[in-house]
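K.L.:
how would this look folded up:
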Amino acid sequence: MTFQELPPPLNDDQLLLRTTLPLKPAPVTLSGRIVELRPLDLDADSRRLFEISNGSPQLGAPPYDPEPVLWRYMGTGPFADVDEMRTFLSSLNATPNLLPLCVRLQRTGELIGMQTFMSNSPGDLKIELGHIWYTPAAQGTGALAEATYLMLRHAFDLGYLRLEWKCNALNERSRRVALRMGFAFEGVQDAHMIIKNRRRDTAWFRMLAEEWPKRRRKLETLVENSYAAQK
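P.N.:
Here you go, the predicted model:
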């Protein structure tokens, strides 16, 4: 029988991070050229998040059906009213290893969607980008690309070794976006969870710290091209 050599131990700084990074990701504002991400403020943001996600015409976009467009593959939604949305957002805020961030356009200050740091596991130096949704009017703005870039940069700067992206295996749009953002596909976990009383098979994607420098350059080019296209 042959035995494979184990990888080398983590360095002292990495071992220290395992005990000093908080379980609840620390609040942070991330600013780029297209978007700014700020921690969710329940009182200030709940109503507007409901308005831009309920199918009504917003920011120049026509009415739409929110169930297939935004919520079909999510764990919750669409929401009947602001109170339902606020209850959901409150649950995000209360999750001990999750930080919800609201995404706003820099040029107008308009709230256009959400992304979160979630499933934080400091002891393993890994964290996930999830609960990602944008109002249809955000399409073509480059907002998702820059928001994802800013979150990846922040997490890797903190010292995380692994960033994850998971989605319903049926969500082809999310799978395409993950690949476009530079995440590597790891496979599908069948019957991973039950969502809205249905079995969910989950597609797993990841980016590692050693992959980040190359992925970073590609994302920066993508964001720069999106920004230039708006000028």
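
K.L.:
and R175, what helix or strand is that in?
P.N.:
Assigned by DSSP states H and E, R175 belongs to helix 172-180.

K.L.:
Quick one: list the elements packing against that helix.
P.N.:
strand 162-168, strand 184-195, strand 198-208 (3 or more CB pairs under 8 Å, 6 or more residues apart in numbering; DSSP states H and E). Where you see a C-beta, it was placed from the backbone N, CA and C, and this is true even at glycine.

K.L.:
For R107, which of those strands is the nearest?
P.N.:
For those, proximity to R107 was assessed by CB to CB; strand 162-168 is nearest, at 27.2 Å.

K.L.:
Determine which stretch of the helices and strands packed on helix 172-180 is the most buried.
P.N.:
strand 162-168 (a mean of 22; mean count of other CB atoms under 10 Å).

K.L.:
Can you tell me the element L101 falls in?
P.N.:
With elements taken from DSSP H and E, the one containing L101 is strand 99-105.

K.L.:
helices or strands next to that strand in the packing?
P.N.:
Applying 3+ CB pairs under 8 Å, 6+ apart, we find strand 99-105 packed against strand 35-39, helix 82-94, strand 111-121, helix 143-158.

K.L.:
Tabulate those (TSV), appending mean neighbour count.
P.N.:
Formatted as TSV, those follow (neighbours: other CB atoms under 10 Å):
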stretch	mean neighbour count
strand 35-39	20
helix 82-94	15
strand 111-121	21
helix 143-158	21
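
K.L.:
who wins for proximity to L70 among these?
P.N.:
strand 111-121 (9.2 Å).

K.L.:
Who does the closest one pair with, and is each partner parallel or antiparallel?
P.N.:
With DSSP bridges as the test, strand 111-121 is paired with strand 99-105 (antiparallel), strand 126-134 (antiparallel).

K.L.:
Please tell me how far it is from the chain's geometric centre.
P.N.:
5 Å (CA atoms, centre = their mean, to the nearest Å).

K.L.:
Which positions in the longest helix seen in the chain come out as buried?
P.N.:
For the chain, the longest helix by residue count, based on DSSP state H, is helix 212-230. Neighbour counts using 16 or more other CB atoms under 10 Å place 212, 215-216, 219, 222-223, 226-227 of helix 212-230 among the buried residues.

K.L.:
Likewise for stretch 9-29?
P.N.:
17, 21, 25.

K.L.:
residues making contact with that stretch?
P.N.:
36-39, 96-99, 117, 120, 122-125, 127, 154, 158-161 (CB atoms under 8 Å, 6 or more residues apart in numbering).

K.L.:
let's see 10 Å
P.N.:
Stretch 9-29 is contacted by residues 36-40, 93, 95-101, 116-118, 120-125, 127, 150-151, 154-155, 158-161, 209 when judged by CB atoms under 10 Å, 6 or more residues apart in numbering.

K.L.:
if I look at the closest residue in space to L222 that isn't next to it in sequence, how far off is S91?
P.N.:
The shortest distance from L222 to any non-neighbouring residue, by CB to CB, 6 or more residues apart in numbering, is to A145 (5.2 Å). According to CB to CB, to the nearest Å, A145 stands 28 Å off from S91.

K.L.:
Many thanks, we can stop here.
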